[in-house]
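>>> Quick one: sequence plus predicted model below, questions after.
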Amino acid sequence: MKKIAALFAFLFVTAFAFAQSGPEMTFQHKTHNFGTVAQDTCVVTYTFLFKNTGDETLIVHQASSSCGCTVPEYTQEPIPPGFMGEIKVTYNGKTKRPGVFKKSITIHSNAKNTPVRIYIEGEMLEGDGKQE
């Protein structure tokens, strides 16, 4: 009976150790609100920062947006444990209808918490944004 209990304890500890290893992508903020922006000049950019809080090197494979009006750029180099990376997101709403917008960016990597989703949002006012 003691051997069986010891075996289960060993398997539990081993499984826990494997579950904890690997890179992990941790963001300071997962949503950014641009507030109100004018349609005539609606090209806005925000840079999301993240940290590799895991214990292995993090590699971002892909960042894709929910709309062609949103373009993500990301750190291409491997990110060692404890180091930072970034996802720069540019939204171009010049050809879109005025109103509230919310776009998502999905990030695929070798992290144990992949995929990760981040968001940009705001409200676009018609024309130059000045209310008459």
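Perfect, thanks for sending it.
>>> Return the distance of stretch 36-49 from the chain's centre.
Stretch 36-49 has its C-alpha centroid displaced from the chain centroid by 17 Å (Cα atoms, centre = their mean, to the nearest Å).
>>> Okay, now it: how far is its last residue from its first?
One end of stretch 36-49 sits 23 Å from the other (Cα to Cα, to the nearest Å).
>>> just stretch 87-99 next, same as before
Termini of stretch 87-99 sit 25 Å apart (Cα to Cα).
>>> residues near Ile87, how many?
21 (other Cβ atoms under 10 Å). C-betas here are computed from N, CA, C, even on glycine.
>>> List the neighbouring strands of the helix or strand harbouring it plus their orientation.
Using DSSP states H and E, Ile87 sits within strand 84-92. According to DSSP bridges, strand 84-92 forms sheet pairs with strand 43-52 (antiparallel), strand 70-74 (antiparallel).
>>> so what's the residue positioned nearest the centre of the chain bridging to?
The residue lying closest to the centre of the chain (Cα atoms, centre = their mean) is Ile118, at 4.2 Å. Beta-bridge partners for Ile118, by DSSP bridges, are Ile105.
>>> What segments of the chain are strands?
25-27, 31-38, 43-52, 60-65, 70-74, 84-92, 99-109, 116-125 (DSSP state E).
>>> list the buried ones in stretch 23-37?
Pro23, Glu24, Met25, His32, Phe34, Val37 (16 or more other Cβ atoms under 10 Å).
>>> thought the first one was touching Val60?
No: at 9.9 Å, Pro23 and Val60 do not qualify as touching, with contact defined as Cβ atoms under 8 Å.
>>> Mind listing the shared neighbours of these two?
By the contact definition Cβ atoms under 8 Å, 6 or more residues apart in numbering, Pro23 and Val60 are jointly contacted by Ile79, Ser109.
>>> that older thread, using a markdown table, lay out the strands of the chain together with mean pLDDT.
Below are the strands of the chain laid out as a markdown table (pLDDT from 0 to 100):
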| stretch | mean pLDDT |
| --- | --- |
| strand 25-27 | 96 |
| strand 31-38 | 95 |
| strand 43-52 | 96 |
| strand 60-65 | 96 |
| strand 70-74 | 96 |
| strand 84-92 | 96 |
| strand 99-109 | 96 |
| strand 116-125 | 96 |
